[in-house]
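S.K.: Need a 3D model of the following:
(one chain, ligands or ions: 1)
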Amino acid sequence: MKIIVFNGSPKGETSVTLQSVNYLIKKFPDCAFVTYPIAQQIRKIEQDAPFFDQIIASVAEADAVLWAFPLYFLTVHAHTKRFIELISERGAQPAFAGKYAASLSTSIHFFDHTAHNYLRAVCDDLEMRFVGSFSPDMDDLLTEEGRRQLVQFGGDFLTAIREQRPTQRLNAPLTRREFTYQPGPLPAARPTAGKKVVILHDGDRPGSNVLRMVARCRQNFGEAALFSIQEIDIKASCQGCLRCASRNECAFEGKDGLIDFYRAQVLNADVLIYAGTMVDRYLSARWKMFIERSFFNTHAPVMTGKQIAYVISGPFSQTPNLREMLEGFGEVQRANVVGFVTDEYGDSAQIDAGIDALMGDTLQAALEQRSRPRTFLGVGGEKLFRDEIWGRLRIVFAADHRTYRRLGLYKTFPQANWKQRLLNAVVGPLLTPRFTRKYFDREVKTQMIAPHQKAVEMN
Ligand SMILES: Cc1cc2nc3c(=O)[nH]c(=O)nc-3n(C[C@H](O)[C@H](O)[C@H](O)COP(=O)(O)O)c2cc1C
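M.R.: Sure, this is the predicted structure:
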């Protein structure tokens, strides 16, 4: 049996994820595994057509594909994303159709589910036979249980191929609308009252309306800076070198234009409008690269108080996974995600109205310094980062540790809440079954709302 492994780490051979693949290779010696470092070698794959063709020919004669990748900003690395784009751009989908597939990532479990959802949808779109996803923590290979689970996953994958087991598609094909957005009468430009509005887009793509949508966004503001991220000098995506971890300085600093741009425009903005065209089940690889390179801020919530709106050309409502990634990206950085507008319903007047309303809301939110409670995406994400930075990542991510201390993020540990700890220690032992039956069951509902009633009354 021949399995193609797509190594989606920019680190190539020194990938943590690849060590799990190496373990599978050791445990299943009867299988031929052929590995391609698609993320590390993306430039060669893009520029050297025979090399790309050789990879595709290997897929065509293989029994299955294993996508082995690290999590990078809630999904796969930008270079892996670009490889996926090349498959469609160069018409290589037939080599993948009908092949068995599985995905294996390593991560710290921050939005690992959205990464696997993405990859599964891509495999469904390629008409592959998807067997399963496997998402261990980056250190699980070091435990006996982790290795046992990995061998089970590998065994299951190989058995499914050997027995030609049936698989089922989880994602219906995307339906795209052929439609040209024709903006109507110009909106009234709103005074921005000193708020810095920055609109970022990734340029035009065949059949996309994004440039017209972006132009309308711009017309909504008296003053706004408009940039195409295609025009920023970006040498490559994040290499995972972790040079940023100790003092938030990127290895590319001074070597390309991204970091200066990010600091001057994104980190100084009050309102950020991100606009792009959907490419497969995400935005473009260029957008992914731009987002990824912001990792010089490591895990610091650098968007506090910023208002974000997303303007998307493409079948956005059919990809709730993309919405979750964009909301999660905003929430975990403590931005306020005001909303989304898309062109997918094919009605120009509706798009005009949607853009004008969203731009108005976003500016108003900045003027009023609006915020709102975050959902599980932001709350859960921040707690996960807090625990990791306080714990095993502290030595490497020293800059985050300093930031988290300065922002008081460690004060959110429940252990730091002495009042609650005292209450738990004193009242906890009193809650015997007899006491609970007699008083607690009767009182619990009214006692729970008593402080809320007081808050309503007093404020
Ligand atoms: C730029 C960057 C972004 C990352 N994003 C995520 C993420 O969104 N979620 C997560 O759980 N881990 C994230 N990680 C952690 C890596 O996924 C993890 O360390 C992985 O094991 C690295 O695998 P590799 O050595 O195969 O590249 C990120 C790491 C880097 C450097």
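
S.K.: name the element Ala102 belongs to?
M.R.: According to DSSP states H and E, Ala102 maps onto strand 100-106.

S.K.: what element comes up after that strand heading to the C-terminus?
M.R.: helix 112-125.

S.K.: Give the pairing partners of the strand holding Ala102; include direction for each.
M.R.: Counting by DSSP bridges, the strands paired with strand 100-106 are strand 64-70 (parallel), strand 129-134 (parallel).

S.K.: Any stretches of the stretch 201-350 of the chain with poor pLDDT?
M.R.: Along the stretch 201-350 of the chain, the model assigns pLDDT under 70 to no residue.

S.K.: Indicate the residue of it located nearest to the ligand.
M.R.: Distances between the stretch 201-350 of the chain and the ligand by C-beta to the nearest ligand atom are smallest at Phe295, namely 3.6 Å. C-beta here means a position set from N, CA and C on the backbone, and glycine is covered the same way.

S.K.: So that residue versus Gly254, what's the distance?
M.R.: Distance, Phe295 to Gly254, using C-beta to C-beta, to the nearest Å: 17 Å.

S.K.: got the angle between the strand holding Ala102 and helix 112-125?
M.R.: Angle between the axes of strand 100-106 and helix 112-125 is 160 degrees (criterion: axes from the mean of the first three to the mean of the last three C-alpha atoms, to 10 degrees).

S.K.: what mean pLDDT would you report for strand 100-106?
M.R.: Strand 100-106 shows a mean pLDDT of 98.

S.K.: For stretch 427-447, measure first residue to last.
M.R.: One end of stretch 427-447 to the other measures 14 Å (C-alpha to C-alpha, to the nearest Å).

S.K.: That stretch: how far from the chain's middle?
M.R.: Counting by C-alpha atoms, centre = their mean, to the nearest Å, stretch 427-447 is centred 44 Å from the centre of its parent chain.

S.K.: what mean pLDDT does it have?
M.R.: 87.

S.K.: Give me the three-state assignment for the closest residue to the ligand within the stretch 351-459 of the chain.
M.R.: For the stretch 351-459 of the chain, the residue closest to the ligand is Leu384, as judged by C-beta to the nearest ligand atom, at 8.1 Å. Of the three states, Leu384 takes helix according to DSSP: H, G, I helix; E, B strand; the rest coil.

S.K.: show me the residues around the closest residue to it other than its chain neighbours that make contact.
M.R.: Spatially, and ignoring its direct neighbours in sequence, Leu384 is nearest to Phe110 (5.6 Å; C-beta to C-beta, 6 or more residues apart in numbering). Contacts for Phe110 (C-beta atoms under 8 Å, 6 or more residues apart in numbering) come out as 71, 74, 381, 384-385.

S.K.: Emit the PyMOL select command for whichever of those are buried.
M.R.: Here is the PyMOL selection string for the buried members of these, based on 16 or more other C-beta atoms under 10 Å:
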select buried, resi 71+74+381+384+385
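
S.K.: Between the contacts of Phe110, which sits nearest His299?
M.R.: For these, the closest approach to His299 (C-beta to C-beta) belongs to Phe385, at 4.6 Å.

S.K.: Assess the claim that that closest one and Gln333 are in contact.
M.R.: No: between Phe385 and Gln333 there is no contact under C-beta atoms under 8 Å: 10.5 Å.

S.K.: any idea how far Met458 is from the residue of the stretch 351-459 of the chain closest to the ligand?
M.R.: 35 Å.

S.K.: Show me what from the stretch 251-400 of the chain comes close to the ligand.
M.R.: Within the stretch 251-400 of the chain, the residues that sit near the ligand (C-beta under 6 Å from any ligand atom) are 292, 295.

S.K.: Please, where are all the strands along the stretch 251-400 of the chain?
M.R.: Per DSSP state E, counting those that start in this stretch, the stretch 251-400 of the chain carries strands over the ranges 271-277, 307-313, 336-342.

S.K.: quick revisit: need the per-residue pLDDT for the residue nearest to Leu384.
M.R.: In the prediction, the pLDDT value recorded for Phe110 is 98.

S.K.: what's it sitting at in phi/psi?
M.R.: Reported as degrees, to the nearest 10, the phi and psi values for Phe110 are phi -90, psi 110.

S.K.: what about it, distance to the ligand?
M.R.: From Phe110 over to the ligand the distance is 4 Å, taken as C-beta to the nearest ligand atom, to the nearest Å.

S.K.: ok, now Leu141?
M.R.: Counting by C-beta to the nearest ligand atom, the separation of Leu141 from the ligand is 10 Å.

S.K.: Let me know whether that residue touches Val21 as I believe.
M.R.: No: counting by C-beta under 8 Å, Val21 is not a contact partner of Leu141; they are 10.3 Å apart.

S.K.: ok, the residue of the stretch 201-350 of the chain closest to the ligand - contacts?
M.R.: Contacts of Phe295 by C-beta under 8 Å, 6+ apart are 73, 238, 244, 250.

S.K.: Is any residue of the strand holding Ala102 near the ligand?
M.R.: Yes: counting by C-beta under 6 Å from any ligand atom, the ligand is contacted by strand 100-106 at Thr106.

S.K.: send the alpha carbons of that strand over as PDB?
M.R.: Coordinates of each C-alpha in strand 100-106 appear next as PDB, following Å, rounded to 0.1, in the frame of the first residue of the first chain:
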ATOM      1  CA  TYR A 100      -8.700   7.700   0.700                       C
ATOM      2  CA  ALA A 101      -7.600  10.600   3.000                       C
ATOM      3  CA  ALA A 102      -7.000  11.400   6.600                       C
ATOM      4  CA  SER A 103      -5.700  14.400   8.500                       C
ATOM      5  CA  LEU A 104      -3.200  14.400  11.400                       C
ATOM      6  CA  SER A 105      -2.200  17.600  13.100                       C
ATOM      7  CA  THR A 106      -0.300  18.600  16.200                       C
END
